[in-house]
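Student: Sequence and predicted structure below; questions after.
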Amino acid sequence: MTTPASPPDLAPAARRLGEVVRDVDDAQLDAPTPCQGRTVSQLIGHLHGLTQAFRASADKELGPLTDTNPDQDGWPEAAPAWRDEVPELADRLATAWHAPEAWTGMTRAGGFDAPAEVMGVVALSEIVLHGWDLARATGQEFTADDATVAALAAYVEGFDPGGTPGMFGPAVEVRWASDLDRVLARTGRDPGWEAPEQG
């Protein structure tokens with residue numbers, strides 16, 4: 001796993017995540033996602049927790065938000081005000097990681113300590129990968145700028161193609177793929193995934 005020479009800007013990915021969340025229809029909350037066994041509602045609940053945890057990680061606000069795995073008791077359902085709260089939390093996360101000091105020293109998320117320069121890229125990967133999961137599950141597109149994709153490509157290249165338990169499944173073979181598709185495939189996602197027909 002490598003980190004970029006200069007910290008990436010999380011704002012474009014956070015903004016796109018917010019757009020995707022706002023365009024989710026209530027009727028889609030029980031739909032399946034590329035995250036095996038997880039519904040759209042549970043994925044939104046997961047995003048609600050991780051955006052708070054990684055914002056606290058950037059601010060070195062070590063405590064309940066950073067010391068425990070927010071999903072240790074399973075992925076929660078979406079909070080009642082998810083459509084407004086998740087985009088706002090994503091924006092706060094991006095703002096926190098925009099500060100140069102966020103990328104220095106050590107920090108923590110999910111009870112795991114790591115250099116802040118690594119944790120910032122992990123935060124970026126979470127909002128992009130799960131943003132794509134949510135977009136794909138709800139018939140939307142998730143786009144990412146070149147700098148974001150390059151930062152994530154360098155990050156995922158360091159992981160075992162056979163999969164990393166608790167993080168990524170085995171890499172998926174893809175042909176004629178975009179750079180983002182290759183990142184997705186390297187994390188065990190099928191860029192061509194489609195929700196199964198209902199009924």
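Tutor: Arrived safely, thanks for sending.
Student: Asp145 - how many residues pack around it?
Tutor: 15 (other Cβ atoms under 10 Å). In this view, the C-beta of every residue, glycine as well, is placed from N, C-alpha and C.
Student: quick one: low-confidence ranges for this protein?
Tutor: 1-5, 70-71, 160-170, 176, 198-199 (pLDDT under 70).
Student: And the helices in it?
Tutor: Ranges of helices within the chain are 11-22, 40-58, 64-67, 82-98, 116-137, 146-156, 179-186, based on DSSP state H.
Student: tell me, what residue is most central in the chain?
Tutor: Closest to where the C-alpha atoms of the chain average out (Cα atoms, centre = their mean) is Glu126, at 1.9 Å.
Student: Tell me the spacing between it and Glu194.
Tutor: According to Cβ to Cβ, to the nearest Å, Glu126 and Glu194 sit 23 Å apart.
Student: what do you get for Ala185?
Tutor: Distance, Ala185 to Glu194, by Cβ to Cβ: 15 Å.
Student: out of these two, which sits in the busier spot?
Tutor: When Ala185 and Glu194 are compared on other Cβ under 10 Å, the one with more neighbours turns out to be Ala185, at 19 against 10.
Student: which residues sit in contact with that one?
Tutor: Contact analysis of Ala185 by Cβ atoms under 8 Å, 6 or more residues apart in numbering lists Ala171, Val172, Glu173, Val174, Ala177, Pro191.
Student: Please name the nearest non-neighbouring residue to the second one.
Tutor: Distances taken as Cβ to Cβ, 6 or more residues apart in numbering place Ala185 nearest to Val172, at 4.3 Å, with adjacent residues excluded.
Student: The fourth one too?
Tutor: Leaving aside its chain neighbours, Val174 sits nearest to Ala185 (4.4 Å; criterion: Cβ to Cβ, 6+ apart).
Student: next one: Ala78
Tutor: Ile44 (4.0 Å).
Student: For the one you found, grab the count of nearby residues.
Tutor: With other Cβ under 10 Å as criterion, Ile44 counts 24.
Student: Would you mind confirming that it makes contact with Ala81?
Tutor: No: with contacts counted by Cβ atoms under 8 Å, Ile44 stays clear of Ala81, the gap being 11.1 Å.
Student: how near is the residue nearest to the centre of the chain to Glu173?
Tutor: Taken as Cβ to Cβ, the span from Glu126 to Glu173 is 24 Å.
Student: what's the closest non-adjacent residue to Glu19?
Tutor: In space, and not counting its chain neighbours, Glu19 is closest to Pro87: 7.7 Å by Cβ to Cβ, 6+ apart.
Student: residues contacting that neighbour?
Tutor: Leu17, Gly18, Glu19, Val21, Arg22.
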